[in-house]
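Q: pasting the sequence and the predicted coordinates here, then a few questions.
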Amino acid sequence: MEENLSGTLAIDLGNTNTVIAFQDQKNINSVLVEIPNITSSPGVIPTAIWYEENSEIWKIGISALNMKNSSNSDSFFHSNFKRLIGNPNEKINTKNILNPRECGEKFFKFLWDNIPEKYNIKRIVLTAPIDTYKGYREWLIKLCKEIPVDEIALVDEPTAASLGINVPFGSRIMTLDIGGSTIDMNIVKIEGGEGKASPIAELLKFKGNDIGSNTKQKIRCAEIISKIGSKIGGKDIDQWIVDYFIPENKYSINLFKAEEIKCKLSSSEIKYETKYPVKFLIERDKEEEFFLSKEIFEKIIIENNLLNHLDSLLKDLLNEARGKFCTIDDLNSIILVGGGSQIPLIKEWITKKIPKILVKSPPPIESIALGALAMTPGVKIKDILTKGISIRLFNRREQKHFWHPIFCQGQTWPTSELPI
């Protein structure tokens, strides 16, 4: 008989992939949740939904992705909706039956209904993008009212990503996120440090009561210093690989095969000159074998000007940061997230561009979900200090007094740790 697990579920809704992870309350280790016909690999769900309004047919994840090239896909197939939630400036696909918020709601509902019964969910922790945090949070608050869980917490994505790699609170970090359809770069300052309270998850729901829409909690999320992005990502790289061998490609299955060989060649253990086979469909019932090496793969990336594009994005990002008195020397670390950031050529590029700053590469897809779990090992309602307590000390070298914080305004109470 399969053992039931009781604990916290983390859901990191991404624009290309959604990650779902679970931590049992008796175990410090997290597991990636596998759901038949939904996850493409343990814990990873393609962020896509197939919805036929008249027949009430729903599919999400890998099942929806497999329907992408069916008839009426312009109306029934929905993807790339996460970045549109809480962002009124982006144009939406008017051909789709559902708007972005409706896509998100149905995606969550279908996902919730299909979580394996062995998981007894006591708490859910969700993640939110930092650039549209306010609007995205408002959408989540409404969504949470329909989820039958007593505790729901929210953390911002940069803070969750930084937690798993031991970045000190209060640090300025740069993240490079190359997902399936977008590149996002940002420089943010993580809450806490310098005598300030450490970041904590924001509660949206506690003991079954909605506390997110009317709360005195201070929203503790990372501060954006600069950000830049573009609508180029891993799917474009897949297309470039196919175009290199079959310029007149007509079959979408070739893109999936290109993605597979791309992931293989993104491993640091692959030898540079070794050629690896890949079979592409050239006619309806005919395949042809081609050979792709890491050398050719990097040539494809360079010829399609991806590195030049990254140069331009990085230049704009750092210029904006300098306008807010933040330079490269102020960065604590650079964090690589998203599958595309694992390509060795990309890692080499950022290391050469910013050689002085440590580049950290956590698990590219699941790092944010696992970081969110780490932020909420036991979320509890605590009092919040409305005033801080400091001790007055004397600096002999400078011959003047100064105040050293003992407890900080906004810090939870009772506290488990003191400021450093």
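A: Okay, I see it.
Q: just how off-centre is the helix or strand hosting residue 350 within its chain?
A: When elements are assigned from DSSP states H and E, residue 350 belongs to helix 344-353. Offset of helix 344-353 from its chain centre (Cα atoms, centre = their mean, to the nearest Å): 21 Å.
Q: so which elements touch the next helix-or-strand element following it?
A: Toward the C-terminus, helix 344-353 is succeeded by strand 358-360 as the next helix or strand (DSSP H and E). In terms of contacts (3 or more Cβ pairs under 8 Å, 6 or more residues apart in numbering; DSSP states H and E), strand 358-360 is packed against strand 331-337, helix 344-353. From N, CA and C alone the C-beta is placed, and that goes for glycine too.
Q: related to what we said a few turns ago, list the buried residues in the helix holding residue 350.
A: Within helix 344-353, the residues scored as buried using 16 or more other Cβ atoms under 10 Å are 344, 345, 346, 347, 349, 350, 353.
Q: for the second one, what are its contacts?
A: By Cβ atoms under 8 Å, 6 or more residues apart in numbering, the contact set of residue 345 is 298, 301, 302, 307.
Q: tell me where the model's unsure across the stretch 101-250 of the chain.
A: Counting by pLDDT under 70, the stretch 101-250 of the chain shows low-confidence ranges at 164, 194-198, 212-220.
Q: ok, residue 34 to residue 51 distance?
A: 23 Å (Cβ to Cβ, to the nearest Å).
Q: out of the two, which sits in the more crowded spot?
A: More crowded of residue 34 and residue 51, by other Cβ atoms under 10 Å: residue 51, with 23 against 13.
Q: who is the nearest residue to residue 230 once chain neighbours are set aside paired with across the strands?
A: Nearest in space to residue 230, with sequence neighbours left out and distances taken as Cβ to Cβ, 6 or more residues apart in numbering, is residue 183 at 5.1 Å. Taking DSSP bridges as the rule, residue 183 bridges to residue 178, residue 230.
Q: again with residue 59
A: Going by DSSP bridges, residue 59 forms beta bridges with residue 50.
Q: ok, it touching residue 70?
A: No - if you go by Cβ atoms under 8 Å, residue 59 and residue 70 don't touch, sitting 10.5 Å apart.
Q: more neighbours, those two?
A: Remark: of residue 59 and residue 70, residue 59 carries more neighbours, 20 against 10, as counted by other Cβ under 10 Å.
Q: and this protein, what are its domain boundaries?
A: What automatic domain parsing lists as the domains of the chain is 5-169+191-222, 383-413.
Q: going along the chain, name the helices of the stretch 201-350 of the chain.
A: 234-245, 253-265, 294-303, 306-322, 344-353 (DSSP state H, counting those that start in this stretch).
Q: closest to residue 163 out of those?
A: Proximity of the helices of the stretch 201-350 of the chain to residue 163 was assessed by Cβ to Cβ; the nearest stretch is helix 344-353, lying at 21.2 Å.
Q: that older thread, now do the contacts for the residue nearest to residue 230.
A: 176, 177, 229, 230, 232, 233, 309, 310, 313, 340.
Q: can you do 6 Å?
A: The neighbours of residue 183, taking Cβ atoms under 6 Å, 6 or more residues apart in numbering as the test, are 229, 230, 232.
Q: and the gap between it and residue 84?
A: 17 Å.
Q: again, but for residue 239
A: 22 Å.
Q: out of those two, which sits in the more crowded spot?
A: residue 84 (20 against 15).
Q: just among the contacts of residue 183, which is most surrounded?
A: residue 232 (19 neighbours).
Q: ChimeraX command to pick out the buried ones of the contacts of residue 345?
A: The ChimeraX command for the buried members of the contacts of residue 345 (criterion: 16+ other Cβ under 10 Å) is given here:
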select :298,301,307
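Q: widest-spaced pair of the contacts of residue 345?
A: Longest span within these, Cβ to Cβ: 298 and 307, 9.5 Å.
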